[in-house]
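>>> coordinates only, no sequence provided:
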């Protein structure tokens with residue numbers, strides 16, 4: 001799934017992807033959370049997206065991957081050790097998985113989860129946790 005010659009693949013995000021990831025993050029938050037999170041909270045988070053993504057992808061410690069379909073970024077997935085201090089552990093965490101809402105329900109989320117599971121096993125972790133909104 002990492003072959004750029006394929007119509008679907010996942011690759012490490014680069015600083016050039018920051019604006020696209022921010023736009024997808026904003027669009028997906030508006031789509032997914034508008035009926036369960038107050039609009040002012042969504043807007044407050046979304047206002048920070050461009051700066052957050054720029055900083056995240058420029059820190060050279062990125063664990064964010066973009067989901068690409070037909071040469072277009074349609075989402076992103078983040079995998080890393082759990083917790084803010086990245087303690088030594090044999091568990092890994094899927095910290096986020098967001099798709100452009102136009103691509104939801106078409107199997108891309110499942111493909112991203114399958115990729116993340118394989119990547120986590122390849123890195124030698126024995127378990128995985130997933131962040132979800134309560």
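Done, it's in. Remember, predicted model here, so these are calculated numbers, not experimental data.
>>> quick one: the helices in the chain?
Assigned by DSSP state H, the helices in the chain fall at 18-33, 39-47, 49-58, 108-122.
>>> which of those helices is buried the deepest?
Sort the helices of the chain by mean neighbour count, taking mean count of other CB atoms under 10 Å, and helix 18-33 sits at the top with a mean of 18. C-betas here are computed from N, CA, C, even on glycine.
>>> please enumerate residues in contact with it?
If you take CB atoms under 8 Å, 6 or more residues apart in numbering as the criterion, helix 18-33 is touched by 13, 42, 45-46, 49-50, 52-54, 56-58, 64, 66, 73-76, 98-101, 104, 133.
>>> one more: stretch 36-43?
Stretch 36-43 has contacts (CB under 8 Å, 6+ apart) with 29-30, 33-34, 133.
>>> any chance of the residues you listed in TSV, with distance to residue 114 too?
Shown next, in TSV, are the contacts of stretch 36-43 (distance: CB to CB, whole Å):
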residue	distance to residue 114
29	24
30	27
33	25
34	28
133	22
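>>> which of the helices of the chain sits closest to residue 89?
For residue 89, the closest of the helices of the chain is helix 108-122, at 12.1 Å, according to CB to CB.
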